[in-house]
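Asker: only geometry, no sequence info:
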């Protein structure tokens, strides 16, 4: 750690991991509710568990992105953070807002929460992933603006590297597109059309700039490859991402009342969306192969390579599987979508967050470069356990989805939704077991922060 | 780079494409999108031959032919611009580039005339039928590329005028030229496919 | 002359390409906005039931229905698709109202069950009219079967 103000990142990373745990626990509750329908009913209905599961994910990823920014921006800009106190203050406001929102989900009925937060004044609640009360959304905007101001000013007064500029662009886009969450017309088609400007243009647009910037930063650090080389490939990859991803939004406009030409535009452009992910995989492995130093933090390198591979599989391959409109006609809104969602989010965004945490945390905790071997070994175990579990979760959900599509939509006598759900229960059980193994991986991951602390760290070999 | 590759003047190394490698990655991606679009057109046409043949009659083939000639001419001008800078003649280079841009302008004006006829007089749009969906999508997508190409060539011309390029260093000219040739090439496929073939 | 693969060119392609495709996306969005009136059943919103439908959407959101169901294929995959439920229930407003009103308070042992929301008759009508409105959106023939 070169600059004192970078240490604020630690708070963000710790909170991110705590929310990660909450996300997984509620995921397991939902998974059980898929096979034991009355589990925790009516105390924690499925929709509540799901809100916590998805919103905790979003918030902890945002926390990790902000932590990443607070860590790497000063180092790249070669200057202290503009206002460290603001970063700390915003952290507590964000955490408090997130905590209060989750408490609201769990303690109140959703409609009471809507009344309590005066949703009727500016109704934005009750839409997938945007369930947060309007006041929480406003809080997110305030936190995001303060954050952008802080990061922007830091970049302005320091060195303007490509990593910093791309990261800033991604974070700005994140804030700008979030504003569409305040647009909620009665017209369902318009509502859905612009809802995707938040959801799609986040995960298949601006978030990928953040992903690319963080990955580039860590690769520069752990491989020692010339910054020029990494930066120009970063530009090319994110160029491909936006070129394919922006019009790729069209793959959400097949069946929601939008004109039918979107079936062509969406299919053609989203068929290209795996390309940048593939380039990213090739790029990451190339840079590691061309490394000019042996960085002692092996775990961080593993996460970096892992995110490149899993993002390609989850977002690229599993996305492509059902993105062409003739296929999507049958798979839209089934477990196939869920399968893709799990691996894509894990591969792209969870893993990049864990990459930067893995790289930065040892330094934030006062080490020279890396955790002791014992700690790293455990972390790598957790890497494999979580990654393999998510692969199996994805495979089981894909199996469930294929059967669901067949029984409910393709077969000669299509069966009702619940009748089909009863027949694919086995896959849900297997998914839940894979989920439990994921939890074991997560526990090991957290344990890795505590083991071997008094042992010497591996030698730095340059 | 090693001394031996530095000694070879730009554009004469047969192993390397002219211009910046980055533009070639972009060109490849663009050609990929167009290729899929063309394939989709061909595939859909196969299943709706009569519809496609019927509405193809509504297209202005003479305008498209003028545009084809305009683009081919402009590509020739761009070739002359590259040749001029290789002979260390930035002034001629700028003139040829401007000539190419003006051919692009001819394309744009003729195309806008065509669009006026289809959109305003005939009142068609992307949702009218599958043929028009493809016609508008393909030509408009290409149309935007022509405008983009004109912007790039103009930028290159400005740089050339400022004396940024010479016989030794003129990657920028080759980069812009490569992109323009791509735009031209796509039209040379689009024209027979959409306007002529039946 | 050196190997030409410059960061400047990569940057130009990123900014130029992104701006280009975002503009194209805006152009398509513009066209979509023009086409939507013929597909999105907004006549229903402007008609005599308009206010009831708007009330129904408020209730739909206020009770987080999307947290279990899908609507036009988007939402959670825990409970049936509701975009076409009006048709599935035989084009019956009363059928939808009856189903929502009859959910057991304590659930069904061992099975998934929709909670009992204690809606008033007026609220039930609003929700049913909202679902009827959604079912009349032109979704290009989706879903493939009435089962959603």
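Answerer: Done, it's in. It should be emphasised that the depicted structure is a prediction, and the values quoted were computed from it without experimental measurement.

Asker: hang on, isn't residue A:134 packed against residue A:120?
Answerer: No - applying CB atoms under 8 Å as the test, residue A:134 and residue A:120 come out as separate, 9.6 Å apart. Backbone N, C-alpha and C define where each C-beta goes, glycine included.

Asker: of those two, who's got more company?
Answerer: residue A:134 (21 against 12; other CB atoms under 10 Å in any protein chain shown).

Asker: pick out the residue closest to the middle of chain C.
Answerer: In chain C, the centroid-proximal residue (CA atoms, centre = their mean) is residue C:71; its distance is 4.1 Å.

Asker: same check on chain A?
Answerer: Chain A has residue A:349 as the residue nearest its centroid, 3.3 Å off, counting by CA atoms, centre = their mean.

Asker: okay but that residue is in contact with residue A:202, surely?
Answerer: No - the criterion here is CB under 8 Å, and residue A:349 misses it with residue A:202 at 9.9 Å.

Asker: overlap of the contact sets of those two?
Answerer: Shared contacts of residue A:349 and residue A:202, defined by CB atoms under 8 Å, 6 or more residues apart in numbering or on different chains, are absent.

Asker: buried stuff in stretch C:30-44?
Answerer: C:31, C:32, C:35, C:36, C:39, C:40, C:41, C:42, C:44 (16 or more other CB atoms under 10 Å in any protein chain shown).

Asker: ok, and what's touching it?
Answerer: Residues contacting stretch C:30-44 (CB under 8 Å, 6+ apart): A:187-190, A:193, A:253, A:257-259, A:262, B:125-127, C:50, C:53, C:132-134, C:136-138.

Asker: switch the cut-off to 10 Å
Answerer: Residues outside stretch C:30-44 that contact it (CB atoms under 10 Å, 6 or more residues apart in numbering or on different chains): A:185-190, A:192-193, A:250, A:253, A:256-262, B:125-127, B:136, B:140, C:47, C:50, C:52-53, C:129-130, C:132-140.

Asker: helix, strand or coil for residue B:153?
Answerer: Classification of residue B:153 by DSSP: H, G, I helix; E, B strand; the rest coil places it in helix.

Asker: can you list the residues of the stretch 151-300 of chain A near chain B?
Answerer: A:232-233, A:235-237, A:239-240, A:243-244, A:247, A:259-265, A:267-269, A:271-272, A:275-276, A:279 (CB under 10 Å from any CB of the partner chain).

Asker: now chain A, which segments are flagged as low pLDDT?
Answerer: By pLDDT under 70, the weakly predicted segments of chain A are A:460-462.

Asker: repeat the analysis, applying 80 as the threshold.
Answerer: Within chain A, the ranges that satisfy pLDDT under 80 run A:459-462.

Asker: same check, this time on chain B
Answerer: Looking at chain B by pLDDT under 80, you get B:1-16.

Asker: returning to that earlier point: measure the residue nearest to the centre of chain C to chain B for me?
Answerer: Per CB to the nearest CB, to the nearest Å, residue C:71 is found 24 Å from chain B.

Asker: show me what counts as buried in the helix ranked longest in chain C.
Answerer: Ranked by number of residues, the top helix in chain C under DSSP state H is helix C:7-35. By 16+ other CB under 10 Å, the buried positions in helix C:7-35 come out as C:7, C:9-14, C:16-18, C:20-22, C:24-25, C:28-29, C:31-32, C:35.

Asker: same check, this time on stretch B:103-111
Answerer: In stretch B:103-111, counting by 16+ other CB under 10 Å, buried: B:103, B:104, B:106, B:107, B:108, B:110, B:111.

Asker: and the strands in chain C?
Answerer: C:70-71, C:74-75 (DSSP state E).

Asker: partners of the last one, with directions?
Answerer: In the sheet containing strand C:74-75, its partner strands are strand C:70-71 (antiparallel), by DSSP bridges.

Asker: ok, residues contacting the strand it pairs with?
Answerer: The set of residues external to strand C:70-71 that reach it, using CB under 10 Å, 6+ apart, is A:127-128, A:188, A:191-192, A:256, A:332-334, A:337, A:417, C:60, C:65, C:76-85, C:130-131, C:134, C:143, C:148.

Asker: just the buried residues of those residues.
Answerer: With neighbours counted by 16+ other CB under 10 Å, the contacts of strand C:70-71 contain buried members at A:127-128, A:188, A:191-192, A:256, A:332-334, A:337, A:417, C:60, C:65, C:76-85, C:130-131, C:134, C:143, C:148.

Asker: list the buried residues for stretch A:429-445?
Answerer: Buried residues in stretch A:429-445 (16+ other CB under 10 Å): A:429-432, A:434-435, A:437-439, A:441-442, A:444-445.

Asker: list the ones among those that fall in strands.
Answerer: Among these, none falls in strands (DSSP E).

Asker: of all the residues you listed, which comes closest to chain B?
Answerer: Within these, proximity to chain B (CB to the nearest CB) peaks at residue A:431, which comes in at 34.4 Å.

Asker: so which residues of chain C form helices?
Answerer: C:7-35, C:42-46, C:50-62, C:85-88, C:93-101, C:121-135.

Asker: pLDDT on the shortest one, on average?
Answerer: Right, helix C:85-88. For helix C:85-88, mean pLDDT rounds to 96.

Asker: Provide the secondary structure category for the closest residue in space to residue A:307 that isn't next to it in sequence.
Answerer: Excluding the flanking residues, the one nearest residue A:307 by CB to CB, 6 or more residues apart in numbering or on different chains is residue A:351, at 3.6 Å. Under three-state DSSP, residue A:351 falls in the helix class.

Asker: isn't residue A:351 up against residue A:314?
Answerer: Yes - using CB atoms under 10 Å, residue A:351 is in contact with residue A:314, at 9.4 Å.

Asker: shared neighbours, those two?
Answerer: A:307, A:345, A:390.

Asker: now, of these, which are buried?
Answerer: A:307, A:345, A:390.

Asker: which residues in the stretch 151-300 of chain A form helices?
Answerer: Taking DSSP state H, counting those that start in this stretch as the criterion, the stretch 151-300 of chain A contains helices spanning A:162-178, A:188-201, A:207-223, A:227-248, A:262-271, A:274-289, A:298-311.

Asker: how about chain B?
Answerer: B:3-7, B:21-47, B:49-56, B:61-86, B:90-115, B:130-161, B:171-190.

Asker: any idea how far the nearest residue to residue A:154 once chain neighbours are set aside lies from chain C?
Answerer: Closest residue in space to residue A:154, ignoring its immediate chain neighbours: residue A:82 at 4.5 Å, by CB to CB, 6+ apart. From residue A:82 across to chain C, the span is 25 Å (CB to the nearest CB).

Asker: also residue B:168?
Answerer: Using CB to the nearest CB, we find residue B:168 at a distance of 6 Å from chain C.

Asker: point out the most buried one among the helices of the stretch 151-300 of chain A.
Answerer: Neighbour counts (mean count of other CB atoms under 10 Å in any protein chain shown) averaged over each of the helices of the stretch 151-300 of chain A peak at helix A:207-223, with a mean of 26.
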